[in-house]
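K.L.:
got a sequence here, can you model it:
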Amino acid sequence: MTLTINQDIYSQLLVKFQPKVIENEAEYQEYGDILIELMMKTNRSEEETAILKLIASLIKEYDQKQEQPEPASPHEILQHLMEEHNMKQVDLVDKIGSKGVVSEVVNGKRSISKSQAKTLAEMFHVSPALFI
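P.N.:
This is a model prediction of the structure:
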């Protein structure tokens with residue numbers, strides 16, 4: 001048995017709740033409140049159930065975006081490790097290159113070569129893959 005949604009009622013609910021992609025924490029909280037309101041409703045109509053599913057999907061999408069931080073670049077990883085080990089650029093000179101090369105590598109103006117990645121990995125006791 002398939003129930004059909006009354007388009008007029010569904011349209012009224014769309015106007016009432018105005019669901020859209022969640023872009024910030026305030027909207028996330030607002031949609032969470034709407035979701036709870038609809039879930040707690042007894043004798044929920046098919047149209048309300050459809051809106052509930054839509055809002056739940058929007059919340060899930062927002063949650064997934066928040067759980068997946070942007071991966072750090074090799075240069076950001078290097079900068080972080082240098083900071084954690086109280087190192088300055090001069091500490092890398094002659095280990096991965098000249099003063100100019102080190103500056104370019106640390107500041108992301110030059111990519112980290114495989115041999116530099118291996119040297120850095122040994123220095124910081126991490127995998128060379130972090131720098132490639």
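K.L.:
tell me where the chain has helices.
P.N.:
All helices of the chain, identified by DSSP state H, fall at 7-17, 25-40, 46-67, 74-84, 99-106, 114-124.
K.L.:
now do the first one, average pLDDT.
P.N.:
Translated: helix 7-17. Averaged over helix 7-17, pLDDT sits at 93.
K.L.:
residue 132: which of the helices of the chain is closest?
P.N.:
Closest to residue 132 of those is helix 114-124 (CB to CB; 5.2 Å). Bear in mind the C-beta positions are built from the backbone N, C-alpha and C, glycine included.
K.L.:
tell me the buried residues in that closest one?
P.N.:
Neighbour counts over helix 114-124 (16 or more other CB atoms under 10 Å) mark 116, 117, 119, 120, 121, 123, 124 as buried.
K.L.:
can you redo the residues you listed as CSV with pLDDT?
P.N.:
Listed next are the buried residues of helix 114-124 as CSV, based on pLDDT from 0 to 100:
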residue, pLDDT
116, 94
117, 94
119, 94
120, 95
121, 92
123, 93
124, 92
